[in-house]
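Undergrad: Everything below, folded, please.
(chains A and B)
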2 protein chains.
Amino acid sequence: VSHVVVSKAEGAVYRLSELEPSLRARSLASITGKDPRHVEAILREAERVLRVRGEVIITETRHGLVCANSGVDLSNVGEDRAAALPRDPDLSAQAIRRGIEEATGRKVAVIIADSHGRPFRRGAVNVAIGCSGIQPIWDRRGERDLYGRVLRSKQICVADELASAAELVMGQADEGVPVAIIRGYRYTPGEEGASSIIRPRGENLFL
Amino acid sequence: VSHVVVSKAEGAVYRLSELEPSLRARSLASITGKDPRHVEAILREAERVLRVRGEVIITETRHGLVCANSGVDLSNVGEDRAAALPRDPDLSAQAIRRGIEEATGRKVAVIIADSHGRPFRRGAVNVAIGCSGIQPIWDRRGERDLYGRVLRSKQICVADELASAAELVMGQADEGVPVAIIRGYRYTPGEEGASSIIRPRGENLFL
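TA: Predicted structure coming up:
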């Protein structure tokens, strides 16, 4: 599920004309050439500002996500509006999952996705910012390879890979496809949530 | 295509018993608890060592990729062996593509993938280290959203998203599935190669 449609449904949307940019927001806006009210929304969603260069503002959001503009998006929300990320994307995913399971009687897992840039690679990819019903990281340590060698360090973030796969059919512009249904993938059920994907500060070697 | 099968076919495989670990390799091995001969291979493939913590060695490879162990993999190559990344993965992808096109008469695009960790997120995901026939980054700037607003910053790395989608059916352990065929995705043809995904040092805000 695209985060924008969730943010809209939950009211996690700023009206730009109602935002009073702080001194800091106006200063960052003049450096980056962004709308000061957009920057105000970015700062309100940020735990801390990590990098500013050109028109790029990289922050750590209140969720702990490292991304551009605190994930505050001006696309596909309409004029005078900016969509923030859902307050608690794992909880949002859980609510959507319960709704689908009650309506259909089927067991599903739900992933809420947003496209994020990467520090060392150009272009954004969809990642899982929230999930429910699926173990986001598949820990394959202890399994064996084709030659019988025990794997020592294989942990795959299948939730992010599923989010990326979904982006290929959802798009980001005027497709109007906010949800993709993935069938046939055998996932491990789990209740950990996508917040567990975020590398804790102590593990982070690049900040 | 999994990089390991390409590296094997191209002979980009070290015999550990033939490697003479340098002083630096032995020192890094004692810090990280790795096999000194594995570390020797890692250093030979590295342009520079970026971070060392616990048993993790993050390097920039000669290709410019930032990843653990210079991508030198002990899995699925057999005893006494370590698979490096292909020397020029874009060229490898081109050769595979030509081979498929000659054998079948069909136009295809080829992506060579490896699973890489991410600095701010736990778990690895498959990314495109080489490609041929597909424009790896879809630049959607200038397109309009559902409300007619012009997109200013949407560039999506579809090659990485396709690599991630493929990982979900290929696996990393004893599946023995080194290739996935993706059908039905409408990509933009291009000859840029996956080396263009690597963020140039000057653009890199976290190193």
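
Undergrad: any idea which helix is longest in chain A?
TA: helix A:89-104 (DSSP state H).

Undergrad: Which elements pack onto the following helix or strand past that one?
TA: Counting by DSSP states H and E, the next helix or strand C-terminal to helix A:89-104 is strand A:110-116. Secondary-structure packing of strand A:110-116 (3 or more CB pairs under 8 Å, 6 or more residues apart in numbering or on different chains; DSSP states H and E): helix A:3-10, strand A:66-68, helix A:89-104, strand A:125-132, helix A:158-170. For glycine as for every other residue, the C-beta is placed from the backbone atoms N, C-alpha and C.

Undergrad: hmm, try it at 6 Å
TA: Where contact means 3 or more CB pairs under 6 Å, 6 or more residues apart in numbering or on different chains; DSSP states H and E, strand A:110-116 is packed against helix A:3-10, helix A:89-104, strand A:125-132, helix A:158-170.

Undergrad: Tell me which residues are up against it.
TA: With contact meaning CB atoms under 6 Å, 6 or more residues apart in numbering or on different chains, strand A:110-116 is reached by A:1, A:3, A:6, A:67, A:71, A:89, A:92-93, A:96-97, A:124, A:126-132, A:159, A:162-163.

Undergrad: Same question for stretch A:77-86.
TA: A:3-4, A:6-7, A:10, A:12-17, A:38, A:41, A:45, A:71-74, A:92, B:147.

Undergrad: circling back to that earlier point, for A:Gly193, which of the helices and strands packed on strand A:110-116 is the nearest?
TA: Evaluated over those, closeness to A:Gly193 peaks at helix A:89-104, with 3.5 Å, by CB to CB.

Undergrad: centre of the chain versus that closest one, how much separation?
TA: Computed by CA atoms, centre = their mean, to the nearest Å, the chain-centroid distance of helix A:89-104 equals 17 Å.

Undergrad: Alpha carbons only: can I get that helix in PDB?
TA: Output of helix A:89-104 as PDB, limited to C-alpha atoms (Å, rounded to 0.1, in the frame of the first residue of the first chain):
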ATOM      1  CA  PRO A  89       3.000   2.900   9.900                       C
ATOM      2  CA  ASP A  90       3.100  -0.500  11.600                       C
ATOM      3  CA  LEU A  91      -0.200   0.300  13.400                       C
ATOM      4  CA  SER A  92      -1.700   1.500  10.100                       C
ATOM      5  CA  ALA A  93      -0.600  -1.700   8.400                       C
ATOM      6  CA  GLN A  94      -2.200  -3.700  11.300                       C
ATOM      7  CA  ALA A  95      -5.500  -1.800  10.900                       C
ATOM      8  CA  ILE A  96      -5.600  -2.400   7.200                       C
ATOM      9  CA  ARG A  97      -4.800  -6.100   7.700                       C
ATOM     10  CA  ARG A  98      -7.500  -6.500  10.300                       C
ATOM     11  CA  GLY A  99     -10.000  -4.800   7.900                       C
ATOM     12  CA  ILE A 100      -9.100  -7.000   5.000                       C
ATOM     13  CA  GLU A 101      -9.200 -10.200   7.100                       C
ATOM     14  CA  GLU A 102     -12.600  -9.200   8.600                       C
ATOM     15  CA  ALA A 103     -14.000  -8.400   5.200                       C
ATOM     16  CA  THR A 104     -12.700 -11.400   3.300                       C
END
